[in-house]
Structures are given as structure tokens and as C-alpha cells.
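In: take this sequence and fold it.
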Amino acid sequence: MLSVNLFTLLDLVEDFTWNYIGVPAIILFGVYFSCKSGWLQVLKFPEIAKIFFNFLKVNPEQKKRGIHPLQAFFAAIGGCIGVGNVIAVCTAVQIGGPGAIFWMWITALFGMVVKYSEIYLSVKYRVDNKDKSYDGGPMYYLKKVDSSGILTKLFCLFMCIYGVDVYIFKVVTHSFVSNWGWNKAVVIVGLLILVLVAGKKGIEYIGKISSFLIPLFLVVFIGASLWIFIHDIPGLINAFHLIFTSAFTGHAATGAFAGSTLLLAMSNGMKRACYTGDIGIGYAGIIHAESEEASPAKQATLGIVGIFLDTFVICTLSVLLIIVTGLWNQPIHQEQLVSTALSLHIPYIHYLWPFFVFLLGYSSLIAFFAAGKKSAKFLWPKNGEKGYMLYGLCSFMLFSLYGDENNMLSFMAFIGVCLLIINMYGIFRLRNHVSFNLKEKK
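Out: So this is what the prediction gives:
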């Protein structure tokens, strides 16, 4: 009973903090940086895309200090494009109605320049390390405005916790056990080994893994979604109509769900956009700081590309799938909504679904774990990495065996908003240090 009350309280605190501090901070900062940058994320998106494709021409074999810019990009985006894009986003629609995705778009639009600013500062204030790479992230630029060091240490402590994402680990293991009937202990041990090995090898290795996993998922998921939409053009048109109308009026859901109001649509859409895109959390800055690219501005544009793929592509496709197929307001568990929608048009897809969940979950797990390990090393230079590996081993095993998914999601979301508040303070204090000149060299 005590644990139930504690998690109920945690839900209330997490909900209040996101609704009244986290989301407003992102919107306000997003509006400020959008105006300051001349709406960089919109008006200069073609130039941003050009920078991205120019990075494809950079030879990864020409080793410099740091890693290839796109390896850093894919390692970071592996945390964004994850389980939240096809599972957590469905929760927002179930509770807030189809209009929730509209408010996700709005939040992501402003969140793009917030993430740009985070990555820019992370690259600008990074330092060389002994591994012929760099160390950077919010903990380094926070030192510029936190003379006591308290906020810097708090950020690292919260990132250490956030880096061991027990919720995603639980979802991935449950997917294999429930869909394929694999032995739970074997799945837990196997996934644990894969995460710890990648975490041990570092961000360059994680970037190589994610450079394969993420494009593979994007091609398959986008292709499958378009196949369904092509066969139901009227349903797709109606889905967009439903999204835009319910975004401003709310929607009276049917089936097992009560009506959703405009406030619910806004709240759930904005919260999920922050969650799925990891806007303002800080882990992306830690990873991007290892890039060999000398220009903070050019590397930071990749954060905008990441949010675009995360929210405007994957999250949008997930929501459209469950609306077009009419499943969004049915009493189906969030974990099964997208897979059920796909299975209506693509036979046997539910047998392959655990594989897709693995692609998403594993790329997120190793990205977060790498950021957590670097934070642990910042706090305890001598034994931080070893201690963090042990902490990850124990936490993943314990929570995957005994943890409740909803409670773990609330806990991770609460840690996320704590990180966001600290990080946004640092970005605000250093707002005049952020340049939006894409021609800037260094």
C-alpha cells in the first residue's frame, strides 16, 4: 500500500512539474530562440539538410580527434527514435485524443532550437580527453554559471539514473517473452550483455551500431506505413481532418475511453513530444560533443534533423496508423496498438514486432547508458565507469524482474524533467553564447 501511494504521489509530482515547469520552459525558450535565430528551423531547413548530406561525404577513415559527425548523430538519435515513438505516443492519443499529435508538432517545432542550443554549447565548451576524443555536455557548460558546482553534480547524478532506462529495458524484454515465448531469464541476460558491451566500448561503437539499426528501422517502418496509407487515401485524409479539428475542440472518444478535452490534448501532446524527442534533457549534448566537427553551429543543426525525424516522421506515422485503422480509441494496450494496426494490412507483422521493438529499444538503451557512464566518470574520475557498469547490471536485472512498467515510466519521466530544469537554467544563462550563424567556423 505504501509503495502504491508513493508512486501515486510521484505521478502527481511528475505531471505537475512537466505541465507547469518543463513544457512552458521549452515553449518560452523555443519562442525566444526561434525569434533570435530568424526561425532557423523553418527558413533555413534546406541549408540544414545540405549540411547533413555534406557530412555523408566526410570520410570516416580520415581519423581526427573525435568521431564522425554522423556517428555522433545516429548515436544521439538512437535515444530519440525509440520505444516512445511507437508506444508512449499512443498513450498521448488514447488520453488526449488525435489532436495530441498537433501539439506534439508545435512543441517539436520550438524544441528544435532548444536542442540546437544545447548541442551548440556542448560542442563549444567541450574539452579534449585522453582517448583522442572530447568530453562535453551540460555538465561542462553549467560550470560557467554554477560556481558552487551543486547544479553540475546534480545534473550528473540525475543523468546517471536516467542513463539506466529500466522502462525501455522492461518493454523490450516483455515484447520477446510475450510475443515469441522466449525464456525471460535468457532474454534479460542476453539484452543486458548487449547493453553493457556497447556501453563499455563507448560512443563511437554505439554510433556505428545505431548507424545501421536506425536507418534500417526508418526504411522498414516508413515503407510499411506508406503501403497502408496508399491503400486507404480517404482514411488518411479523414485522419488529418480529425487531428486538426480535435486539436482545438477536444474529442469525444468512444469505446472504453471518456471524452478528451482541449487541455488534455495539449498537455499530453506537449509532454510526449518532450519525452520522445528528449528535448532539453541533455544527453544529446554529451554525445554530440564527441564529434570531430569543429563548428558548433554545424554539429548543432543535426539536433534539428533528429527532432524532425523523431516527431514529424516516426511519431506522426505511428499516430496516423492507429487513427487510419480506427484503433486509437479501442481498449488495446499501448504496446500493441501500432503492431495491431500494421497487422491489419501486413500479414505476420506481429511475429516480427519484437524485432522492431528491439531495434528501437536497444539503440535507446545504449545511447542513454553511454551518457550516464560519462556523467559517472565526471563525478568520480577514478572509479566512475566501473561503478556505473555495476549499477547498470543490478538495476536492469532488478527492475526487469520486479518493476511495474507504468511506475517505471513515471519515475523516468520525473528524472527527465529534473534534468530538463537544470539544463534549461544553464542554457538560459548562456543564451547570448549561442550563435545561429551556420557559416561559423568554430
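
In: could you use CA atoms for every contact and neighbour count after this?
Out: Fine.

In: who's in contact with the residue nearest to T91 when sequence neighbours are not counted?
Out: Leaving aside its sequence neighbours, T91 sits nearest to Q334 (CA to CA, 6 or more residues apart in numbering; 6.1 Å). Shown in contact with Q334 (CA atoms under 8 Å, 6 or more residues apart in numbering): I87, A88, C90, T91.

In: which among these end up buried?
Out: I87, A88, C90, T91 (16 or more other CA atoms under 10 Å).

In: which of those lies closest to N437?
Out: A88 (35.2 Å; CA to CA).

In: could you measure from the closest one over to G416?
Out: From A88 across to G416, the span is 15 Å (CA to CA, to the nearest Å).

In: could you pull out the strands for the chain?
Out: In the chain, the strands defined using DSSP state E lie at 127-128, 134-135.

In: Y134 reaches S122, doesn't it?
Out: No: at 10.2 Å, Y134 does not count as touching S122 under the criterion of CA atoms under 8 Å.

In: neighbour count for these two, which is higher?
Out: S122 (29 against 22; other CA atoms under 10 Å).

In: export only the CA atoms of stretch 300-317, formatted as CSV.
Out: In CSV, the C-alpha atoms belonging to stretch 300-317 read as follows (Å, rounded to 0.1, in the frame of the first residue of the first chain):
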residue,chain,number,x,y,z
ALA,A,300,24.1,21.5,-33.7
THR,A,301,22.0,21.5,-36.9
LEU,A,302,21.9,17.7,-36.6
GLY,A,303,19.8,18.1,-33.5
ILE,A,304,17.2,19.8,-35.6
VAL,A,305,17.3,16.9,-38.1
GLY,A,306,16.9,14.5,-35.2
ILE,A,307,13.8,16.2,-33.9
PHE,A,308,12.3,16.3,-37.4
LEU,A,309,12.8,12.5,-37.9
ASP,A,310,11.6,11.7,-34.4
THR,A,311,8.4,13.7,-34.2
PHE,A,312,7.4,14.8,-37.7
VAL,A,313,8.2,11.4,-39.2
ILE,A,314,8.1,8.5,-36.8
CYS,A,315,5.6,9.8,-34.2
THR,A,316,3.4,11.2,-36.9
LEU,A,317,3.3,7.9,-38.8
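
In: how about residues contacting that stretch?
Out: Under CA under 8 Å, 6+ apart, the answer for stretch 300-317 is 41, 48-49, 51-52, 73, 77, 80-81, 85-86, 89, 101, 104-105, 108, 111-113, 115-120, 218, 222, 225, 273, 276-277, 284.

In: tell me which of the strands of the chain is the most buried.
Out: Most buried of the strands of the chain, by mean neighbour count (mean count of other CA atoms under 10 Å): strand 134-135, with a mean of 24.

In: just the buried members of the contacts of stretch 300-317?
Out: Buried members of those, scored by 16+ other CA under 10 Å, are 41, 48, 51-52, 73, 77, 80-81, 85-86, 89, 101, 104-105, 108, 111-113, 115-120, 225, 273, 276-277, 284.

In: filter those down to the ones in helices?
Out: 41, 48, 51-52, 73, 77, 80, 89, 101, 104-105, 108, 111-113, 115-120, 225, 273, 276-277, 284 (DSSP state H).

In: can you add distance to L151 and mean pLDDT and give the strands of the chain back as TSV?
Out: Listed next are the strands of the chain as TSV, based on distance: least, CA to CA, whole Å; pLDDT from 0 to 100:
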stretch	distance to L151	mean pLDDT
strand 127-128	19	92
strand 134-135	18	93
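
In: now distance to I421 too, for these, in CSV please.
Out: Output for these, formatted as CSV (distance: least, CA to CA, whole Å):
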stretch, distance to I421
strand 127-128, 24
strand 134-135, 22
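
In: for G199, find the nearest of the ones you listed.
Out: Among those, strand 134-135 sits nearest to G199 (CA to CA), with 15.6 Å.

In: can you give me the neighbour number for S343?
Out: A total of 15 residues lie near S343 under the criterion other CA under 10 Å.

In: and it, how far from W182?
Out: Counting by CA to CA - S343 and W182 are separated by 21 Å.

In: also E47?
Out: Taken as CA to CA, the span from E47 to W182 is 47 Å.

In: lowest confidence element among the helices and strands of the chain?
Out: Ranked by mean pLDDT, DSSP states H and E, the helix or strand of the chain with the weakest confidence is helix 262-277, at a mean of 68.

In: any weak-confidence spans in the stretch 301-442 of the chain?
Out: 403, 441-442 (pLDDT under 70).

In: picking up where we left off before, closest to M159 out of the strands of the chain?
Out: strand 134-135 (14.9 Å).

In: list the neighbouring strands of the closest one plus their orientation.
Out: Paired strands of strand 134-135, with direction, are strand 127-128 (antiparallel) (DSSP bridges).

In: how about residues contacting stretch 362-372?
Out: 75-76, 78-83, 156, 159-165, 168-169, 195-196, 198-199, 202-203, 206, 209-210, 213-214, 283, 286-287, 388.

In: rerun that using 7 Å as the cut-off
Out: 75-76, 78-80, 82, 159-160, 162-165, 195, 198-199, 202-203, 206, 210, 283, 286-287 (CA atoms under 7 Å, 6 or more residues apart in numbering).

In: ok, for the residue nearest the centre of the chain, nearest residue in space, not its chain neighbours?
Out: The C-alpha lying nearest the average C-alpha coordinate of the chain belongs to C80 (CA atoms, centre = their mean; 2.7 Å). Leaving aside its sequence neighbours, C80 sits nearest to G277 (CA to CA, 6+ apart; 5.0 Å).

In: residues contacting the one you found?
Out: With CA under 7 Å, 6+ apart, G277 has these contacts: C80, I307, D310, T311.

In: and the longest helix along the chain, how far out from the chain's middle?
Out: When the chain is parsed with DSSP H, its longest helix is helix 349-379. Taking CA atoms, centre = their mean, to the nearest Å, the mean C-alpha location of helix 349-379 is offset from the chain mean by 10 Å.

In: and it, what's buried?
Out: Buried residues in helix 349-379 (16+ other CA under 10 Å): 349-350, 353-354, 356-379.

In: next one: stretch 383-399
Out: G384, E385, Y388, M389, G392, L393, F396, M397, F399.

In: for it, list the C-alpha coordinates in PDB.
Out: The C-alpha trace of stretch 383-399 is given here as PDB (Å, rounded to 0.1, in the frame of the first residue of the first chain):
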ATOM      1  CA  ASN A 383      36.100   4.600 -10.400                       C
ATOM      2  CA  GLY A 384      33.000   6.100 -12.000                       C
ATOM      3  CA  GLU A 385      32.900   3.900 -15.100                       C
ATOM      4  CA  LYS A 386      33.400   0.700 -13.200                       C
ATOM      5  CA  GLY A 387      30.800   1.700 -10.600                       C
ATOM      6  CA  TYR A 388      28.300   2.600 -13.300                       C
ATOM      7  CA  MET A 389      28.700  -0.700 -15.100                       C
ATOM      8  CA  LEU A 390      27.900  -2.400 -11.800                       C
ATOM      9  CA  TYR A 391      25.000  -0.100 -11.100                       C
ATOM     10  CA  GLY A 392      23.500  -0.800 -14.600                       C
ATOM     11  CA  LEU A 393      23.900  -4.500 -14.100                       C
ATOM     12  CA  CYS A 394      22.000  -4.500 -10.800                       C
ATOM     13  CA  SER A 395      19.300  -2.000 -11.800                       C
ATOM     14  CA  PHE A 396      18.400  -3.600 -15.200                       C
ATOM     15  CA  MET A 397      18.100  -7.100 -13.600                       C
ATOM     16  CA  LEU A 398      16.200  -6.000 -10.500                       C
ATOM     17  CA  PHE A 399      13.600  -3.800 -12.300                       C
END
